[in-house]
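In: the sequence and its predicted three-dimensional model are supplied below.
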Amino acid sequence: MDIRLYNTLSREKQVFSPENPQRVTMYVCGPTVYSYAHIGNARPPVAFDVLFRLLRAKYGESHVVYAANITDVDDKIIAAAAEAGRPIAEITAQFERIYREDMGALGVIEPTHRPHATDYIAGMVEIIGTLVDKGHAYPGKDGVLFHVPSMADYGKLSGRSRDDMVAGARVEVDAGKRDPADFALWKAAKPGEPAEARWPSPWGEGR
């Protein structure tokens, strides 16, 4: 039986046809681990667990690779660690464990891989550098920002116009920001932030 999935780009359901039926892959953005998960945090794991199970039933358990990352460095994590007076690594390890236990209690199968953001900072720096070289990103006062107008079809997957995406945002452009819709790819380290929240880059230490 065919699996039909909604294609966000075409706005219609289509038969799912993997590039390689022997290695069907899916990636889902995972949690930022600084506190307890709420019911909204549980929605993606539960929803994509259904898809994971369906793909495994169709293609075989050993042929489906599901990755869901762990964001283990973030402004909220830094703030939580500072408030608790504990190292960032302790905070993230504690709440990752609790998150995984909670998702397990909901019957969610563990993804094949749970990559941690901090293990891939060097790769992020490389990708950001490529975007800067191609004119899609630029260094600013507080780091490096993606320049939304540089991508003519930005937003086509969501179906939202650029004006819709910035509606409700601050009207004024931040210092060093070329466009209100631009967003951070690399955040420069702030004074007083711990060494465990800083990595080297061509644009200075940050994350």
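Out: Nice, I can see it.
In: show me the shaky parts of the protein.
Out: For the chain, the stretches with pLDDT under 70 are 167-175.
In: just give me the residue right at the centre of it.
Out: Cys29 (4.8 Å; Cα atoms, centre = their mean).
In: now for the closest residue to that one other than its chain neighbours, how many residues are close by?
Out: Spatial nearest neighbour of Cys29, excluding adjacent residues (Cβ to Cβ, 6 or more residues apart in numbering): Asn69 at 6.5 Å. C-beta here means a position set from N, CA and C on the backbone, and glycine is covered the same way. Asn69 has 19 neighbours, counted by other Cβ atoms under 10 Å.
In: look up phi and psi at Asn69.
Out: Main-chain torsions, Asn69, degrees, to the nearest 10: phi -80, psi 170.
In: before we move on, back to that, measure the residue nearest to the centre of the chain to Glu193 for me?
Out: 24 Å (Cβ to Cβ, to the nearest Å).
In: how about stretch 109-128: buried residues?
Out: Under the neighbour-count criterion of 16 or more other Cβ atoms under 10 Å, stretch 109-128 has 111, 117-118, 121, 125, 128 buried.
In: er, stretch 139-155 I mean
Out: So, applying 16+ other Cβ under 10 Å, buried residues of stretch 139-155: 139-140, 142-148, 150, 154.
In: need the residues you listed in JSON lines with distance to Ser17, can you?
Out: Shown next, in JSON lines, are the buried residues of stretch 139-155 (distance: Cβ to Cβ, whole Å):
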{"residue": "Pro139", "distance to Ser17": "41"}
{"residue": "Gly140", "distance to Ser17": "42"}
{"residue": "Asp142", "distance to Ser17": "43"}
{"residue": "Gly143", "distance to Ser17": "40"}
{"residue": "Val144", "distance to Ser17": "37"}
{"residue": "Leu145", "distance to Ser17": "37"}
{"residue": "Phe146", "distance to Ser17": "31"}
{"residue": "His147", "distance to Ser17": "35"}
{"residue": "Val148", "distance to Ser17": "32"}
{"residue": "Ser150", "distance to Ser17": "32"}
{"residue": "Tyr154", "distance to Ser17": "27"}
